[in-house]
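K.L.:
predicted model, plus sequence, below.
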Amino acid sequence: MPSSRSIRCILVLTCAAVCVVVGGHRAPVRAAEPAPESAFAIIAMASTPAPAGNAAGVPARAKYLVLDSRIIDRTDNAKLTVGTVEKHPRNPLFGEDKPWEQRFDNMYANVLFDEADGLYKLWYNPFIYDTSSKGVTLEQRHKTRYSPRRREDGICCAISRDGLKWVKPKLGLIEYEGNKANNLVLRGSHGAGVFKDTHDPDPMRRYKMFHARDVLRFSPDGLRWSNPAPCEGIDSNGDSHNHMLWAPDLERYVAFVRLRGGSNRRSGQRVVGRSESADLKSWTRAVEVLRIDADGQEAYSMPVFRYADIYLGLVAVFRTRPVDRVHTELAWSPDTVKWHRIDPGTPLIGNAPNEGDYDWGCVYAADDPVVLDDEIRIYYLGSNGKHTSWRDGFFCLATLRPDGFAGYEPIDAAKPATVVTRPVVCSGKTLRITADARGGSVRVTVLDADGKTVTAGRPIIDDVTGAPVTLRGGADLSKLHGSRVRLKFELTKAKLYAFALTQ
């Protein structure tokens, strides 16, 4: 048995990773082409009023996403739409290419960039025993009903230097078919959500795994895991991607599980449930926080993450039989309790058009996105067949422009759109915006809290991220520091994602 030190997920790299701090995590700037695998030494992832909010003003924060309805006072000819993802040209990044990867099924992937080790790390949840779809033709799939076979779950670990080329290390931890030369870290755990918890002072609990039957495991390195500890009180038994995070504004751990909408919580429509705990031992009973009110659609799971001082959820929308396919939509919350779907019915990550394509059948987003300086990486499981049928599974990647989860754009592209914020604290001298304006423009007017014009900026006419707005006469906002201001955005053939008031 290798020692605990020798099986840490570490690569000896040929170059150092350059990192940027994002939302409490450090992520590498877009990496150069990875060296061949032999270079790695493996020692062991129309006018519309906004919803009611705080009319007196919004507390200052580092960045404001315009998808947050609390900061929007009114709009004209403007609609909020999800961002446009690009599926990576290297997709799929890998498939079911090991004997113990009988079926990825929904995969329930968990990805992070680990600053300490300079690595992307991935934990995923295949069936290590099941009826495999490998080699079953499309014609055979249409004629023969899929039937699971003595299913057993496993948790696997993979690592990457650049997030594109992944290695499945031979960890020597768990036996499969009489051999430990595999990347398994556990057997028999379903729907596992894994995260690195920098809040917990105990290094033996640095990594946490929350999975079906409301149990929690701990690990110092993400490889060796404790025996399961019950999370008393949740009462979910959710057989889906379970998720947990530390919410710094609430000073609580928050768990998201799958419930059923029926009276006994074990039958009826699939919905997202939420529970919380201060000590990881005593939990509130999970209650419903999100459902999809559309015929034949259910919320199968929802990985949740914190971004720009709010919470975003990647909702797996299950279109039940006969469609039997899954895509990913977007939701947001100010507090993890009250959730709002964004552009309902429009996928953030959609399915491919042709049956047999690597993500035609299902798209399950990983937990969590990795934020780089020039893009947001959303990893996901793609499968080429229907949810409850024959399907091969693949680990895939979709990317977004920075801050590009959702933004305002004109309803009628022939006319400008107007978006006016509620009063926000002027916490800096420079106004910055993130927008797509190439071929159009974004014009910004600074108003006082009563709506009177204070100053205006030169139009932005390019795609920009955190770009400063040049104000009239070359002035800045120093004289307004600490006061409340409104911002009026006029969008011509443009899309606005975010703004900030910085020093």
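P.N.:
Perfect, I can see it now. Given the structure is predicted, the values throughout are model-derived calculations rather than measurements. Numbering: from 1, shown residues only.
K.L.:
pLDDT below threshold where in the stretch 1-150 of the chain?
P.N.:
The stretch 1-150 of the chain contains residues with pLDDT under 70 at 1-59.
K.L.:
pretty sure Glu152 contacts Ser189?
P.N.:
No. Judged on C-beta atoms under 8 Å, Glu152 makes no contact with Ser189 at a distance of 10.3 Å. Any C-beta I mention is one placed from the backbone N, CA and C, and that applies to glycine too.
K.L.:
who's more crowded, the two?
P.N.:
Ser189 (20 against 15; other C-beta atoms under 10 Å).
K.L.:
pretty sure that one sits against Cys156.
P.N.:
No. Between Ser189 and Cys156 there is no contact under C-beta under 8 Å: 11.0 Å.
K.L.:
joint contacts of the two?
P.N.:
Asn125 (C-beta atoms under 8 Å, 6 or more residues apart in numbering).
K.L.:
and Leu138, how many residues sit next to it?
P.N.:
As a measure of burial, Leu138 has 12 neighbours, counting by other C-beta under 10 Å.
K.L.:
give me every residue that touches the residue lying closest to Ser219 once chain neighbours are set aside.
P.N.:
Spatial nearest neighbour of Ser219, chain neighbours left out: Tyr207 (4.2 Å); criterion: C-beta to C-beta, 6 or more residues apart in numbering. Neighbouring residues of Tyr207 by C-beta under 8 Å, 6+ apart: Val194, Phe195, Lys196, Asp197, Phe218, Ser219, Pro220, Asp221, Gly222.
K.L.:
which ones among those lie within helices?
P.N.:
Within those, no residue falls in helices by DSSP state H.
K.L.:
hmm, which of those are the buried ones?
P.N.:
Neighbour-count burial (16 or more other C-beta atoms under 10 Å) applied to those gives Val194, Phe195, Lys196, Asp197, Phe218, Ser219, Pro220, Asp221, Gly222.
K.L.:
could those residues be laid out in JSON lines, adding pLDDT and distance to Arg258?
P.N.:
Listed next are these as JSON lines, based on pLDDT from 0 to 100; distance: C-beta to C-beta, whole Å:
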{"residue": "Val194", "pLDDT": "98", "distance to Arg258": "17"}
{"residue": "Phe195", "pLDDT": "97", "distance to Arg258": "18"}
{"residue": "Lys196", "pLDDT": "97", "distance to Arg258": "23"}
{"residue": "Asp197", "pLDDT": "97", "distance to Arg258": "22"}
{"residue": "Phe218", "pLDDT": "98", "distance to Arg258": "23"}
{"residue": "Ser219", "pLDDT": "98", "distance to Arg258": "24"}
{"residue": "Pro220", "pLDDT": "97", "distance to Arg258": "29"}
{"residue": "Asp221", "pLDDT": "96", "distance to Arg258": "29"}
{"residue": "Gly222", "pLDDT": "97", "distance to Arg258": "24"}
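K.L.:
and the residues you listed, which is closest to Ser389?
P.N.:
Relative to Ser389, the closest of the buried ones among the contacts of Tyr207 is Val194; by C-beta to C-beta it sits at 27.9 Å.
K.L.:
tell me the bridge partners for the closest one.
P.N.:
Met209 (DSSP bridges).
K.L.:
for Gly407, see how far away it is.
P.N.:
31 Å (C-beta to C-beta, to the nearest Å).
K.L.:
what does Tyr146 give?
P.N.:
On the measure of C-beta to C-beta, Tyr146 and Gly407 end up 40 Å apart.
K.L.:
distance to Glu175 added to the buried ones among the contacts of Tyr207, as a markdown table?
P.N.:
Converted to a markdown table, the buried ones among the contacts of Tyr207 look like this (distance: C-beta to C-beta, whole Å):
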| residue | distance to Glu175 |
| --- | --- |
| Val194 | 21 |
| Phe195 | 27 |
| Lys196 | 27 |
| Asp197 | 29 |
| Phe218 | 22 |
| Ser219 | 19 |
| Pro220 | 22 |
| Asp221 | 20 |
| Gly222 | 19 |
